[in-house]
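Novice: One predicted model, sequence on top.
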Amino acid sequence: MCICMTAMAKQGKTVTLRIVETSDVHGAFFPYNFTERRPMEGTMARVSTYLKRQRKTYGDRLILLDNGDILQGQPTCYYTNYVKTDEPNIAAEVINYLQYDAETFGNHDVETGHAVYDKWIREVKCPMLGANIIDTKTNKPYVKPYTIIEREGVRVAILGMLTPAIPNWLHESLWTGLRFDEMLQTARHWIKILKEQEKADVIIGLFHSGWDGGIVTPTYEEDVAKKMAETVEGFDVIFFGHDHTERNTTINNTLCMDPSCNALKVAEATIQIRNGKVISKKGALIDVRNEAIDQQYIAHFQPQIDAIRQYVERQLGTFVSPMRSRDAFFGSAAFTDLIHQLQLDETHADISFNAPLTFNTDIKAGPIYMSDMFKLYRYENKIYVLRMTGEEVRKHLEMSYDLWVNTMKSPDDHIMMLNEGSAGDEQRRGFKNLTFNFDSAAGIDYVVDATKPDGQKVRILQFSDGRPFDEKAWYKVVMNSYRGNGGGELLTHGAGIPLDSINNRIIFMSERDQRYYLTLKIEREGKVEGKPLNNWRFIPDAWARPAIERDRKLIFGE
């Protein structure tokens, strides 16, 4: 009877579906940025208003999807992940309140660790998807590989996957018992099942994997959305994310959309189906920043908002002088050097690596609040110490500065490696490469010659305490866990350490995250005088100084 009714529904009737995706929300749940202590542009409170209007038009023909990276990025997430763990995870509460139909994992969701994301999975009411997240005990997907959603007789299949590059960023302790299979082959396997067994009329890919590029290994690629549309037949729409870059395009009749991040926009696909076949589809990226804030949504979450506000407004100490993350791109800077000093003090390592995790933020002189800890250190990375040779240290820095610094041919050249096309990219903002991979070092004195070719820019002079630096000697090098697991490939492609041997180099892993130790340091010291260590600089000075002024004005308008 059910099969007959479904078949009858498909005959001659045109069904219009509206499918909406959010991605890389990163805790932007409320219209208040708890890190910056100011109103937030992107917020799920505005998305809620947009969704209510869509549901008035489409009813249950609206299908709502989220593409992961929702468990990290704001103090809101940290509070519910690690502080108030006896209550439901706020990310699950938001997903449930807005009535999502399916959710996938993001890499930052995995980074929270089993205790957090396993609880989140249990609390989310919609299907959690991850066809290529495999339980090594059963050799089957750890969560559902796909879900079937039926609307007016139309069977819509949602296949979820996560970039398999997790081992390049995260220690195995965070994903014990799991593996992450290559996406293209996994898609071919499941799409056959969706067509032949599930008889899906519409097939949607929901992939936490960027457009293209990223990490490429002999067995997998980090970002494959473009290649998926080019080489895997059967997808009507591919919703993707991870790279924080807007895209709305069509390849091989597959609609491909990425709404970027932080609940600023949503991806919207309108699909018409007749007689079990897709007859039209149209994609759009919808800016929700002009939507009104849903006051019912706010009222529902007001107790959580009040608790988080109280948590972030706790004063820890005082900063004697202001710090700005953008200074770190142009030389030794108080913003990054505070972390360098913390890492060296906590571990007694010889050398520290650190990059600015926030592109452009200010911390003013005066009272330091818990919210400022999320400006100083955005993610829940731990502290690692690895054994490295002096040569590996130099090569690591060479790759970092090659990503960051142009080779100047004349005094009028740019000193920064820029790309005008990346100005709107949340992770580049005018730089050619990802700024969170721009490692500087502390504990050693060195110069960076902007006139030298790639691989020859860095000259290490000595240790900052006067000891000689020896490229053949072994040293203890402290860094965050993202870098220490191979993130950014500075240890692998830069220093030349094979990925499978990095774990054997780790001699210390902190129990808690970097922000925890930073908080303790500030509470202990009371007054913190953030100042640059001035242990490195760009040369030649006659070229570098005016070039820095030009590029600083070009990028930051100052």
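Specialist: Yep, that arrived.
Novice: Identify the residues contacting the helix ranked longest in the chain?
Specialist: Longest helix in the chain, counting residues (DSSP state H): helix 295-312. With CB atoms under 8 Å, 6 or more residues apart in numbering as the test, helix 295-312 has contacts from 29-32, 34-35, 37, 44-45, 48, 75-76, 79-80, 83-84, 90, 93-94, 97, 369-371, 374. Every residue, glycine included, has its C-beta placed from N, CA and C.
Novice: Out of the residues you listed, which end up buried?
Specialist: Buried by 16 or more other CB atoms under 10 Å: 29-32, 34-35, 44-45, 48, 75-76, 79-80, 90, 93-94, 97, 369-371, 374, out of these.
Novice: Restricted to strands, list these.
Specialist: Tyr32, Tyr369 (DSSP state E).
Novice: hang on, the earlier thing: which is the next helix or strand following the longest helix of the chain?
Specialist: strand 315-319 (DSSP states H and E).
Novice: Kindly spell out which helices and strands sit in contact with that following strand.
Specialist: On a contact count with 3 or more CB pairs under 8 Å, 6 or more residues apart in numbering; DSSP states H and E, strand 315-319 meets strand 366-369, helix 370-376, helix 514-525, strand 527-528.
Novice: Report the mean per-residue pLDDT for it.
Specialist: Strand 315-319 shows an average pLDDT of 96 in the prediction.
Novice: what angle separates it from helix 514-525?
Specialist: If you take axes from the mean of the first three to the mean of the last three CA atoms, to 10 degrees, strand 315-319 sits at 70 degrees to helix 514-525.
Novice: any idea which helix or strand comes after strand 315-319?
Specialist: Following strand 315-319 toward the C-terminus (DSSP H and E): strand 323-324.
Novice: quick revisit: next step: the buried ones among the contacts of helix 295-312 restricted to helices.
Specialist: Met44, Ala45, Ser48, Pro75, Thr76, Ile90, Glu93, Val94, Tyr97, Met370, Ser371, Phe374.
Novice: could you dump those to a markdown table with distance to Tyr446 and pLDDT?
Specialist: Compiled in a markdown table, those are given as follows (distance: CB to CB, whole Å; pLDDT from 0 to 100):
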| residue | distance to Tyr446 | pLDDT |
| --- | --- | --- |
| Met44 | 45 | 98 |
| Ala45 | 47 | 98 |
| Ser48 | 51 | 98 |
| Pro75 | 35 | 92 |
| Thr76 | 39 | 93 |
| Ile90 | 44 | 97 |
| Glu93 | 48 | 98 |
| Val94 | 46 | 98 |
| Tyr97 | 52 | 98 |
| Met370 | 35 | 94 |
| Ser371 | 34 | 92 |
| Phe374 | 30 | 89 |
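Novice: Taking those, tell me the two that lie furthest apart.
Specialist: Maximum pairwise distance among these (CB to CB): 27.1 Å, between Ser48 and Met370.
Novice: Next, the buried residues of stretch 43-55.
Specialist: Applying 16+ other CB under 10 Å to stretch 43-55 flags Thr43, Met44, Ala45, Arg46, Val47, Ser48, Thr49, Tyr50, Leu51, Gln54 as buried.
Novice: from the residues you listed, which single one is nearest Thr435?
Specialist: Thr43 (24.6 Å).
Novice: do you know how far the closest one is from Asp294?
Specialist: 9 Å (CB to CB, to the nearest Å).
Novice: Pick the most deeply packed of the helices and strands packed on strand 315-319.
Specialist: For those, the largest average neighbour count (mean count of other CB atoms under 10 Å) is found in helix 370-376, namely a mean of 23.
Novice: right, and the helix or strand after that helix?
Specialist: Tracing the chain C-terminally past helix 370-376 and defining elements by DSSP H and E, one meets strand 382-389 next.
Novice: Please identify the pairing partners of that following strand and their relative orientation?
Specialist: strand 474-480 (antiparallel), strand 506-513 (antiparallel) (DSSP bridges).
Novice: Residues touching the last one, excluding its own?
Specialist: When contacts are defined by CB under 8 Å, 6+ apart, strand 506-513 is touched by residues 171, 346-347, 380-387, 476, 478, 481, 484, 517.
Novice: got a winner among these for most neighbours?
Specialist: Val478 (28 neighbours; other CB atoms under 10 Å).
Novice: give me phi/psi at Val21?
Specialist: For residue 21 the amino acid is Glu, not Val. phi -120, psi 140 (degrees, to the nearest 10).
Novice: beta partners of it?
Specialist: In beta-bridge terms (that is, DSSP bridges), Glu21 pairs with Leu65, Ala267.
Novice: Look at it and say how many residues are nearby.
Specialist: Neighbour number of Glu21 under other CB under 10 Å is 25.
Novice: and it, what does it touch?
Specialist: Counting by CB under 8 Å, 6+ apart, Glu21 has contacts Leu65, Asp66, Asn67, Leu206, Phe239, Met257, Pro259, Val266, Ala267, Glu268, Ala269.
Novice: what's the offset of the helix or strand the last one falls within from the middle of its chain?
Specialist: With the criterion set as DSSP H and E, the secondary-structure element containing Ala269 is strand 265-274. Using CA atoms, centre = their mean, to the nearest Å, the distance from the centre of strand 265-274 to the centre of the chain it belongs to is 26 Å.
Novice: Point to the helix or strand of this protein where mean pLDDT is at its lowest.
Specialist: Here the helix or strand of the chain ranked lowest by mean pLDDT, DSSP states H and E is helix 2-10, holding a mean of 47.
Novice: And the helices in the stretch 451-558 of the chain, which stretches?
Specialist: 481-484, 502-505, 514-525, 541-556 (DSSP state H, counting those that start in this stretch).
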